[in-house]
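Visitor: Give the three-dimensional model of this entry:
(2 chains)
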Amino acid sequence: GENVEQHPSTLSVQEGDSAVIKCTYSDSASNYFPWYKQELGKGPQLIIDIRSNVGEKKDQRIAVTLNKTAKHFSLHITETQPEDSAVYFCAASLPSGTYKYIFGTGTRLKVLA
Amino acid sequence: DTGVSQNPRHKITKRGQNVTFRCDPISEHNRLYWYRQTLGQGPEFLTYFQNEAQLEKSRLLSDRFSAERPKGSFSTLEIQRTEQGDSAMYLCASSSARLAGSGTQYFGPGTRLLVL
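Guide: Residues are numbered from 1 along each chain as shown, chains lettered A, B, ... in the order given. Below is the predicted model:
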């Protein structure tokens, strides 16, 4: 079945710097890749997503890139702010069946003021 | 508030007791998912409903677990004879099937279960 690996598990950056989180998926048929931000005690909140027919998507300070050949996708956060501190999860979904998500193990991002 | 809601938010129970959680999805969403999240891990898929039909159950869902969505609206997840290993955050998500393919899943705040 599908497997998603996520790196790094923790990431500390200075406020204003950029942060990059990388994920690799195993099933080449996966075609939808959302990213979620989860704050302590809360449910995951969607921050950006990308479909396999697109190589890059940007929303203000957040961007996601997808390399289908290498089967990996990355989250880029620029001009980080303390409120970006949270756990970030990537996920992958197949284009058929239940469309369930397979999640990575998460990256704890700390933005140091 | 038109987001996904879950109740209760927290539940502490003793080993061997039964517990039931409720999820109210976004009103027009006909797909509903349950996931389980343990500390330091990503959510893991448990089960999926399209309308009232339960179409997939993970192997993680032992026979002590049962989920229903009787009218295709809210859903309940029941755990019988709870074990300490059931301690986790139980997340509900919903999405719309109006769009072909994967729809974006919106998550509720979760129910945190602690089994003593």
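
Visitor: Neighbours of the closest residue to residue A:45 other than its chain neighbours, how many?
Guide: Spatial nearest neighbour of residue A:45, chain neighbours left out: residue A:37 (5.2 Å); criterion: C-beta to C-beta, 6 or more residues apart in numbering or on different chains. For every residue, glycine as well, the C-beta is placed using N, CA and C. By other C-beta atoms under 10 Å in any protein chain shown, the residues close to residue A:37 number 20.

Visitor: Tell me how many other residues crowd whichever residue of chain A sits closest to chain B.
Guide: Residue nearest to chain B within chain A (C-beta to the nearest C-beta): residue A:103, separated by 3.2 Å. Per other C-beta under 10 Å, the neighbour tally for residue A:103 reads 23.

Visitor: what's the answer for residue A:99, then?
Guide: 21.

Visitor: residue closest to the middle of chain B?
Guide: residue B:34 (3.1 Å; C-alpha atoms, centre = their mean).

Visitor: State the number of residues packed around the closest residue in space to that one that isn't next to it in sequence.
Guide: By the measure of C-beta to C-beta, 6+ apart, the closest residue to residue B:34 outside its immediate chain neighbours is residue B:46, 4.3 Å from it. If you count neighbours by other C-beta under 10 Å, residue B:46 ends up with 22.

Visitor: Kindly report the residues of chain B close to chain A.
Guide: By C-beta under 8 Å from any C-beta of the partner chain, the residues of chain B that approach chain A are B:4, B:6, B:31, B:33, B:35, B:40-45, B:48, B:50, B:55-56, B:91, B:95, B:101-110, B:112.

Visitor: One more pass at 7 Å, please.
Guide: Within chain B, the positions near chain A by C-beta under 7 Å from any C-beta of the partner chain are B:33, B:41-43, B:45, B:48, B:55-56, B:91, B:101-110.
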